[in-house]
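[1] Okay, here's the prediction I keep looking at, along with the sequence it came from:
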Amino acid sequence: MSIESDLYLIKDYDKKYCMQVFSPLDVAFVKGKGCTLYDTEGKKYLDMIGGIAVNSVGHAHPKLTKAIADQSKKLIHCSNYYYIPSRSELAGRLCKKSFADKVFFSNSGAEANEAAIKLARGYFHYKGEDKYEIITAKMSFHGRTMATIAATGQPKFSKPFEPVTPGFKYVEYNNIDDLYAAVTDKTAAIMLELIQGESGVHPAAPDFIVAVRKLCNEKGILFIDDEIQTGVGRTGKMFCYEHYGVYPDIMTLAKGLAGGVPIGATLCTEEVASGFHVGDHGSTFGGNPLATTAANTVLDIITEENLIANADLIGDMMLDKLQALKAKYPMIHQVRGRGLLIGIEFNPIISAAMMKDVLLEKGFLVSAIGASTIRIAPPLIISKTEAMSFVNTLEKILKAQAKQMR
Ligand code: PLP
């Protein structure tokens with residue numbers, strides 16, 4: 001029996017059998033094509049959130065589905081006891097595209113960050129230096145495992161699970177004085193998102209990131225760049241650090257890297273890779289043939305379809321149009337972001353949850369962050385027409401709201 005087309009049954013099973021850690025909207029999707037998703041009733045939605053920045057090449061991209069299907073007929077999984085051709089190839093391609101010399105593959109963003117945290121501590125351990133503290137930013141988000149909830153600078157994620165992993169400190173984002181004050185002779189790394197995605201799409205100030213790099217150089221501290229959300233073309237560059245003109249020592253990727261097949265990657269320089277010796281870290285699934293074939297294919301599609309330039313172009317256009325809406329409708333407080341990662345913050349009279357629901361009813365998917373911000377992170381293949389249909393619909397909603405308020 002398949003419950004696929006019966007929303008009531010799906011909800012029933014979910015409530016009964018799934019741990020209730022999510023609060024899903026009243027909809028279930030059964031298929032997708034490009035930037036469009038279809039629900040159990042056949043209703044179409046424009047996917048402006050892309051599985052939270054995951055479906056980088058859209059839904060059911062023919063080249064990606066073919067690559068996954070072909071690979072699944074040959075070899076889905078084999079362990080890291082053996083060489084894996086697609087894993088070696090993907091590692092080489094990521095290194096050639098970035099500052100990095102070495103890669104470790106895992107299965108999610110949190111795992112990629114766990115590896116980064118371990119690697120930073122291992123690096124100083126093997127150098128014989130007693131450095132273990134990791135400084136992160138308040139309002140950051142780095143994942144849901146025990147170490148990454150400790151890294152996350154939002155106590156609401158860790159409070160029920162205390163005691164948290166020790167050795168983490170939090171500073172104001174974009175405040176270099178606060179950061180200098182937090183550094184001690186025990187500081188191993190500074191770990192940052194270049195755009196804080198989960199707390200409302202807040203980009204780092206360019207002078208802050210340049211100063212972070214300088215501080216790291218001065219004090220011999222590692223700079224960990226969490227690009228789980230911003231990496232792989234999302235911001236209009238392959239990696240977000242390219243906007244800032246500085247290199248990190250460690251970078252983490254996940255989300256969009258394999259277009260929806262679970263993957264995580266921790267990249268670092270040759271020198272920092274000395275923080276892991278044989279047996280120090282591992283993963284059963286990490287880097288398996290299916291996931292790394294999918295990621296290699298995503299990288300092919302990104303190049304062939306010029307998707308980084310598209311993210312830049314459509315992102316700029318949307319930011320312009322949304323800023324114009326802000327000038328017209330005072331209900332918009334701020335528009336922030338870069339490329340195809342954009343936050344629209346409303347004034348407190350407009351609830352982000354309400355806006356998300358109205359957009360859903362009109363056939364557009366976004367996420368609500370906190371009380372007043374909606375986030376968009378559509379597939380990198382989004383067209384100008386699709387992006388404009390979102391902006392025009394948002395304007396119609398704002399117009400109707402403005403009328404009601406008069
Ligand atoms: N780091 C950042 C910046 C993220 O945005 C996320 C997820 O939203 C994570 C880490 C955790 O990734 P995952 O949910 O794949 O574990």
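    Yep, it's here. Numbering: from 1, shown residues only.
[2] In the chain, which residue sits nearest the ligand?
    residue 109 (2.2 Å; C-beta to the nearest ligand atom). To be clear about C-beta, it is placed using only N, CA and C from the backbone, and glycine gets the same treatment.
[3] Which positions within stretch 76-94 qualify as buried?
    For stretch 76-94, burial by neighbour count (16 or more other C-beta atoms under 10 Å) applies to 84, 86, 87, 90, 91, 94.
[4] same question, stretch 185-204
    Residues of stretch 185-204 classed as buried by neighbour count (16+ other C-beta under 10 Å): 187-204.
[5] List, out of these, those positioned next to the ligand.
    The subset of those within reach of the ligand, by C-beta under 6 Å from any ligand atom, is 193, 197, 198.
[6] Need the pLDDT of the second one.
    Looking back up the chat, that one is residue 197. pLDDT recorded at residue 197 is 96.
[7] Hmm, it is touching residue 139, no?
    No. Residue 197 lies out of contact with residue 139 (C-beta atoms under 8 Å); the separation is 10.7 Å.
[8] Contact residues of the stretch 51-200 of the chain facing the ligand?
    Counting by C-beta under 6 Å from any ligand atom, the residues of the stretch 51-200 of the chain near the ligand are 108, 109, 110, 113, 141, 142, 143, 193, 197, 198.
[9] Tabulate the residues you listed (a markdown table), appending secondary structure.
    Output for those, formatted as a markdown table (DSSP: H, G, I helix; E, B strand; the rest coil):
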| residue | secondary structure |
| --- | --- |
| 108 | coil |
| 109 | helix |
| 110 | helix |
| 113 | helix |
| 141 | coil |
| 142 | coil |
| 143 | coil |
| 193 | strand |
| 197 | coil |
| 198 | coil |
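[10] closest to residue 380 among those?
    Residue 380 has its nearest neighbour among those in residue 197, at 15.5 Å by C-beta to C-beta.
[11] List the single closest residue to the closest one in space, sequence neighbours excluded.
    Excluding its sequence neighbours, the residue lying closest to residue 197 (C-beta to C-beta, 6 or more residues apart in numbering) is residue 229, at 4.1 Å.
[12] Could I get the contacting residues of that neighbour?
    52, 53, 109, 193, 195, 197, 198, 255, 341, 377 (C-beta atoms under 8 Å, 6 or more residues apart in numbering).
[13] Report the spatially nearest residue to the fifth one, omitting neighbours in sequence.
    Using C-beta to C-beta, 6+ apart and skipping the chain neighbours, the partner closest in space to residue 195 is residue 203 (4.7 Å).
[14] Could you report the distance from that neighbour to residue 260?
    Counting by C-beta to C-beta, to the nearest Å, the gap from residue 203 to residue 260 is 26 Å.
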